[in-house]
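Asks: Make a model of this:
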Amino acid sequence: MPISIGAGVAFGIGSAGSVSMGVGVSAPFAFTTPALMNGSSASAVMNLVTVNSSGLFVAVGRDSNYYPVYATSSNGSSWTTPALMNGSSVYALMSAGTVNSSGLFVAVGYDANTYPVYATSSNGSTWTTPALMNGSSVYANMSAVTVNSSGLFVAVGRNINGYPIYATSANGSTWTTPALMNGSTTIAYMQSVTVNSSGLFVAVGGDSNNYPLYATSANGSTWTTPALMNGSSVYANMSDVTVNSSGLFVAVGRDSNYYPLYATSSNGSSWTTPALMNGSSVYAQISAVAVNSSGLFVAVGSNNNGYPVYATSANGSTWTTPAQMNGSTTPAFMQSVTVNSSGLFVAVGTNDTHAGYPLYATGS
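Replies: From the prediction side, this is the model:
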């Protein structure tokens, strides 16, 4: 859908991810060079970014002490300095987050014992202190969370044995204890989860051989046992999944050479075998993917030098070769990407995955 910007000029996404300017000129999609959030030189590894319906971007992560932090931006470019959630000085590695239609932000992760934790915020800035899910004191590495149109939050991850687990919450605060997906006792590292407009939850990850896996649930609680994508027995570490408005699921990741991969599914269950993005045989560790209302998929990550990269696809299957963000040759490990209703993509990350400074980049 074109976005009118006045003066008779309209922007729309073209078939190759370009932006048509309505005057015979086409500008390719591009990211800015990753920059420090509010110029901050304090350690903050930002693991996730999401955006509410009003356009407020919220990123979550952890500082050098593994205390939980957040940062906010109303435009994707002007960020607050990452701050502690409710001033908490307790280990809580916040690995993921999402926001419901009412604007409730929910972050999930794990504590020093790898027990599952969550935190909530109604405005992106005032957070609860991360707390145990249902008071659980059992190992549960929660790696991802999403929410459906009815407000049901669903988180996924793995237990101490590497078995796939999930937890649900109807309000973001009252959680079930993480439980096995379909009682499965087979290794399945579930790394990401999304949900389509019909309420179908789809999680992706990898098995003990790093073969690509998926699992589905129609209600967030009754899951299929994680299964191989198209029966594939080739290394494909799938790191993230998203779904467009037409119901096309797209997962991204990397192979054993750290070459960029994607896979698609129109129903969450029948997947293509993960394939190289544009046949690329160049190191590109793809971490995350998002899709805008026009159907443009954008994936982000880093190359073998730690430089930030991105790739785009107008249909989920035909991808550009991952390229450096604005040609940047400065380390920037981009961990997450989201997009607002106006089509502005925002990616976050860090310049060092251990104790780095917080970074962001915008793309359009």
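
Asks: does residue 340 really touch residue 58, like I thought?
Replies: No. Judged on Cβ atoms under 8 Å, residue 340 makes no contact with residue 58 at a distance of 11.7 Å. In short, each C-beta sits where N, CA and C put it, glycine included.

Asks: more crowded one of these two?
Replies: Neighbour count, other Cβ atoms under 10 Å: between residue 340 and residue 58, residue 58 has more, with 26 against 19.

Asks: give me every residue that touches the more buried one.
Replies: For residue 58, the contacting residues are 49, 50, 51, 52, 70, 71, 72, 97, 99, 105, 121, 124, taking Cβ atoms under 8 Å, 6 or more residues apart in numbering as the criterion.

Asks: Please repeat the previous calculation with a cut-off of 6 Å.
Replies: Contacts were defined as Cβ atoms under 6 Å, 6 or more residues apart in numbering; by that measure residue 58 touches 50, 72, 105, 124.

Asks: Of the residues you listed, which pair is most distant in space?
Replies: When Cβ to Cβ is used, the two most widely separated members of the contacts of residue 58 are 50 and 72, lying 10.9 Å apart.

Asks: Starting from residue 271, give me the distance back to residue 96.
Replies: Between residue 96 and residue 271 the computed distance is 22 Å (Cβ to Cβ, to the nearest Å).

Asks: and if you look at residue 284?
Replies: The span separating residue 284 from residue 271 equals 21 Å under the rule Cβ to Cβ.

Asks: and what of residue 132?
Replies: Relative to residue 271, residue 132 is positioned 34 Å away (criterion: Cβ to Cβ).

Asks: So for those two, which sits in the more crowded spot?
Replies: Taking other Cβ under 10 Å, residue 132 and residue 271 do not tie; residue 271 has more neighbours (25 against 18).

Asks: In the chain, where is pLDDT below threshold?
Replies: Using pLDDT under 70 as the threshold, the predicted model of the chain has low-confidence ranges 1-26.

Asks: All the helices of the stretch 1-150 of the chain, residue numbers only.
Replies: For the stretch 1-150 of the chain, no helices turn up when DSSP state H, counting those that start in this stretch is the criterion.

Asks: Find the nearest non-adjacent residue to residue 213, please.
Replies: Spatial nearest neighbour of residue 213, chain neighbours left out: residue 226 (4.3 Å); criterion: Cβ to Cβ, 6 or more residues apart in numbering.

Asks: How about residue 244?
Replies: Counting by Cβ to Cβ, 6+ apart, the nearest residue to residue 244 once its immediate chain neighbours are dropped is residue 291, at 4.7 Å.

Asks: and that neighbour, what are its bridge partners?
Replies: When bridges are called by DSSP bridges, residue 291 pairs up with residue 297.

Asks: Give me the neighbour count for it.
Replies: Residue 291 is flanked by 23 other residues according to other Cβ under 10 Å.

Asks: Check the one 4 residues further on too.
Replies: One way to gauge burial is a neighbour count; for residue 295, by other Cβ under 10 Å, it gives 16.

Asks: thought it was touching residue 246?
Replies: No. Residue 295 is beyond contact range of residue 246, at 7.2 Å (criterion: Cβ atoms under 6 Å).

Asks: any idea whether residue 361 is helix, strand or coil?
Replies: Secondary structure of residue 361, reduced to three states by DSSP: H, G, I helix; E, B strand; the rest coil: strand.

Asks: Does it touch residue 35 like I think?
Replies: No. Residue 361 is not in contact with residue 35 according to Cβ under 6 Å; the separation is 7.1 Å.

Asks: Those two - which one has more neighbours?
Replies: For residue 361 and residue 35, the more surrounded residue by other Cβ under 10 Å is residue 361, and the numbers stand at 25 against 17.

Asks: Spatially nearest residue to that one, not counting backbone neighbours?
Replies: Taking Cβ to Cβ, 6+ apart, and ignoring the residues beside it in sequence, residue 361 has residue 34 as its nearest neighbour in space, at 4.4 Å.

Asks: Then residue 250?
Replies: Closest residue to residue 250 in three dimensions, ignoring its sequence neighbours and counting by Cβ to Cβ, 6+ apart: residue 316, at 4.2 Å.

Asks: tell me the phi and psi of that neighbour?
Replies: Summarising the backbone geometry of residue 316 under the convention degrees, to the nearest 10, its torsions are phi 90, psi -10.
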